[in-house]
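Asker: how would this look folded up:
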Amino acid sequence: MKTSDLRAKDKAQLDKELGDLLKAQFSLRMQRATQQLTNTSQIAKIRRDIARVKTVLAEKARAGK
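Answerer: Below is the predicted model:
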């Protein structure tokens, strides 16, 4: 996921993207807890994507004020 793609989206789309990423993160955590997760690097990728979305949301909120 690229930051430039996120900046092109509006707040509603970013909120939906954030919700989807949080659900994916929860799913990966459950898979890790039950030892079904084979590629543990996915957790870090999802965490970085969540941080990117939150950063863009904060930038948009700051620009709106």
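Asker: what about Leu22, which SS state?
Answerer: Put simply, Leu22 is helix when judged by DSSP: H, G, I helix; E, B strand; the rest coil.
Asker: show me what contacts it?
Answerer: Ile50 (CB atoms under 8 Å, 6 or more residues apart in numbering). Backbone N, C-alpha and C define where each C-beta goes, glycine included.
Asker: same deal with Leu14?
Answerer: Taking CB under 8 Å, 6+ apart, we find Leu14 in contact with 6, 53, 56-57, 60.
Asker: Go again with 6 Å.
Answerer: Taking CB atoms under 6 Å, 6 or more residues apart in numbering, we find Leu14 in contact with 53, 57.
Asker: Now do the contacts for the residue positioned nearest the centre of the chain.
Answerer: Nearest residue to the geometric centre of the chain (CA atoms, centre = their mean): Ile50, 2.6 Å. Counting by CB under 6 Å, 6+ apart, Ile50 touches Leu21.
Asker: Alpha carbons of the strand or helix carrying it, as CSV, please.
Answerer: Per DSSP states H and E, Ile50 falls inside helix 41-64. Output of helix 41-64 as CSV, limited to C-alpha atoms (Å, rounded to 0.1, in the frame of the first residue of the first chain):
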residue,chain,number,x,y,z
SER,A,41,6.0,-11.1,8.6
GLN,A,42,2.4,-10.4,7.5
ILE,A,43,1.7,-9.0,11.0
ALA,A,44,4.4,-6.4,10.7
LYS,A,45,3.2,-5.4,7.2
ILE,A,46,-0.4,-4.9,8.5
ARG,A,47,0.9,-2.8,11.4
ARG,A,48,2.8,-0.6,9.0
ASP,A,49,-0.2,-0.2,6.8
ILE,A,50,-2.4,0.8,9.8
ALA,A,51,0.2,3.4,10.8
ARG,A,52,0.2,4.8,7.2
VAL,A,53,-3.6,5.1,7.2
LYS,A,54,-3.6,6.8,10.7
THR,A,55,-0.9,9.2,9.6
VAL,A,56,-2.8,10.2,6.5
LEU,A,57,-6.0,10.7,8.5
ALA,A,58,-4.1,12.9,11.0
GLU,A,59,-2.6,14.9,8.1
LYS,A,60,-6.1,15.4,6.6
ALA,A,61,-7.5,16.4,10.1
ARG,A,62,-4.6,18.9,10.6
ALA,A,63,-5.1,20.4,7.1
GLY,A,64,-8.9,20.8,7.7
